[in-house]
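In: Output the structure for:
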Amino acid sequence: MTEQPDNVDAIVPPASKRALLGRLGLPAYTLAFPLLGAIAVLLSLYKMGTIGTVAASAILIGSVLAAVHHAEVVAHRVGEPFGTLVLAIAVTVIEVSLIVSLMLSDSGDASALARDTVFAAIMIILNGIVGLCLMAGGLRHGEQRFTLSGVSAALAVLTALVVLSLVLPNYVTSAAGPTYAPAQLVFVAVVSLFLYLMFVLVQTVRHREYFLPGEELPRDAHADRPSRTTTMFALAFLLIALVGVVLLAKGLSATVERAVLDAGLPLAVVGVVIAALVLAPEGLAAYRAAKRNRLQTSLNLALGSALATIGLTIPSVAIVSLMLDLPLALGIGAKGITLLILSLFTITLSLGTGRTTILGGAVHLVIFAAYLFTTVVP
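Out: Numbers count the residues shown, from 1 in each chain. Now for the predicted structure:
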């Protein structure tokens, strides 16, 4: 992509729209689907029978693809490792709003849905996204390399956050059930946010080199940066696309929930579906980076998203729970703890040498399949 001028005419004649798209370097679908998503949300398209549901689902998928493209444009302009933080933080903000809306809903166990969505997001990232990236990169490029120091730091912080947020609530005695007492919830929220901010400081300032790609980069990594105008358009449409994705997912979740209950499946399946939809843009971006032999960028996206899911989501949900006096069950069951420990142990081994092959990807995909299967068939 060649450098484009930063100024674009404020008034664009209809005959020049195609020329404008060419100057921006953004495919037409990346602009159309976010706008269609906004229209679908305003019209509540998902409530208009079977045809409306199918149309809303198609628009949702298109919005996800558009969000991936815009996120990559912004990340390319900002550069590593700051660029990988853009989508992670954006998705987390939207995820928090989705979880809060579930907590305020009257359907099912709202506190359990919040916990299930967070846990599902962690399992999807650690096993689904990472496994797919390692498999795709290994099939195309054989052995891939990354900076071990950055990944080790991310895994250390992630392990502490996950255990404090999702495991420890089962063993405290100040509150009944898998919940924290108010004082304990405040403490966990504060330390979770503190650890995440410390990680961001290390990633972006103190030890930024730990998270940068190695010297051997593919040719597309050296492409010219997009212009400021293109980046601003991409950022604006990224936000529109992400909002459309989460609102369409929320609108479709009622249909999904009814289908899940009618099929006799556990309600936790709804949390898995919602988490998968919200994480789809970041997952696809990480997958595409791995296929282009940019595994460092791929892991920055995946692990950064996992850290943001805990470090930002848990404090936000905790504040809402305390302010509105809503029950919040954070502790996962014995089955979830077993799969979580297996996931953390395996990913530490898979990413413990700075090199990866398809074998690590296969192992993580099998664990992800086991998680999905035991969620459907508990």
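In: Tell me which other helices or strands the longest helix seen in the chain touches.
Out: The single longest helix within the chain, with elements called by DSSP state H, is helix 228-262. Counting contacts by 3 or more CB pairs under 8 Å, 6 or more residues apart in numbering; DSSP states H and E, helix 228-262 packs against helix 17-24, helix 28-43, helix 49-78, helix 82-104, helix 268-291. Where you see a C-beta, it was placed from the backbone N, CA and C, and this is true even at glycine.
In: Doesn't residue 179 belong to a helix?
Out: No. Assigned with DSSP: H, G, I helix; E, B strand; the rest coil, residue 179 falls outside any helix and is coil.
In: tell me the phi and psi of residue 44?
Out: According to degrees, to the nearest 10, the main-chain angles of residue 44 amount to phi 50, psi 50.
In: Residue 374 against residue 342, yeah?
Out: No. Applying CB atoms under 8 Å as the test, residue 374 and residue 342 come out as separate, 11.6 Å apart.
In: For the closest residue to residue 126 other than its chain neighbours, pull up the helix or strand it's in.
Out: Nearest non-adjacent residue to residue 126, counting by CB to CB, 6 or more residues apart in numbering: residue 343, 4.7 Å away. Element membership for residue 343 (DSSP states H and E) is helix 334-350.
In: What average pLDDT does the strand or helix carrying residue 137 get?
Out: Per DSSP H and E, residue 137 falls inside helix 130-141. If you average the pLDDT over helix 130-141, you get 93.
In: and residue 200, how many neighbours does it have?
Out: 19 (other CB atoms under 10 Å).
In: now do residue 354
Out: By other CB under 10 Å, 14 other residues sit near residue 354.
In: what do you get for the one 4 residues further on?
Out: Neighbour count for residue 358, taken as other CB under 10 Å: 17.
In: Export the helices and strands packed on helix 228-262 to a markdown table and append columns for mean pLDDT, distance to residue 318 and mean neighbour count.
Out: Formatted as a markdown table, the helices and strands packed on helix 228-262 follow (pLDDT from 0 to 100; distance: least, CB to CB, whole Å; neighbours: other CB atoms under 10 Å):
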| stretch | mean pLDDT | distance to residue 318 | mean neighbour count |
| --- | --- | --- | --- |
| helix 17-24 | 52 | 41 | 14 |
| helix 28-43 | 91 | 28 | 18 |
| helix 49-78 | 83 | 27 | 20 |
| helix 82-104 | 69 | 11 | 21 |
| helix 268-291 | 83 | 18 | 23 |
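In: Which of those sits closest to residue 145?
Out: helix 268-291 (12.2 Å; CB to CB).
In: Give me the pLDDT for the residue nearest to residue 164 when sequence neighbours are not counted.
Out: Computed as CB to CB, 6+ apart, the closest residue to residue 164 that is not its neighbour in sequence is residue 188, at 5.5 Å. Reading off the confidence values, residue 188 has pLDDT 93.
In: Mind listing residues that contact the helix or strand harbouring residue 188?
Out: For residue 188, the host element (DSSP H and E) is helix 182-201. The contact list for helix 182-201 (CB atoms under 8 Å, 6 or more residues apart in numbering) reads 85, 153-154, 157, 160-161, 164-165, 168, 172, 174-175, 180, 307-308, 310-312, 314-315, 318-319, 321-322, 328.
In: For it, output the C-alpha coordinates as PDB.
Out: Written as PDB, here are the backbone C-alpha positions of helix 182-201 (Å, rounded to 0.1, in the frame of the first residue of the first chain):
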ATOM      1  CA  PRO A 182     -17.800  -7.600  48.800                       C
ATOM      2  CA  ALA A 183     -14.400  -6.800  50.300                       C
ATOM      3  CA  GLN A 184     -12.800  -9.700  48.600                       C
ATOM      4  CA  LEU A 185     -14.400  -8.800  45.200                       C
ATOM      5  CA  VAL A 186     -13.000  -5.300  45.500                       C
ATOM      6  CA  PHE A 187      -9.500  -6.600  46.300                       C
ATOM      7  CA  VAL A 188      -9.500  -9.000  43.300                       C
ATOM      8  CA  ALA A 189     -10.800  -6.300  41.000                       C
ATOM      9  CA  VAL A 190      -8.000  -3.900  42.100                       C
ATOM     10  CA  VAL A 191      -5.200  -6.400  41.800                       C
ATOM     11  CA  SER A 192      -6.500  -7.700  38.500                       C
ATOM     12  CA  LEU A 193      -6.500  -4.200  37.100                       C
ATOM     13  CA  PHE A 194      -3.100  -3.500  38.600                       C
ATOM     14  CA  LEU A 195      -1.500  -6.600  37.100                       C
ATOM     15  CA  TYR A 196      -3.000  -5.800  33.700                       C
ATOM     16  CA  LEU A 197      -1.700  -2.200  33.700                       C
ATOM     17  CA  MET A 198       1.700  -3.400  34.800                       C
ATOM     18  CA  PHE A 199       1.700  -5.800  31.800                       C
ATOM     19  CA  VAL A 200       0.800  -3.000  29.500                       C
ATOM     20  CA  LEU A 201       3.600  -0.900  30.900                       C
END
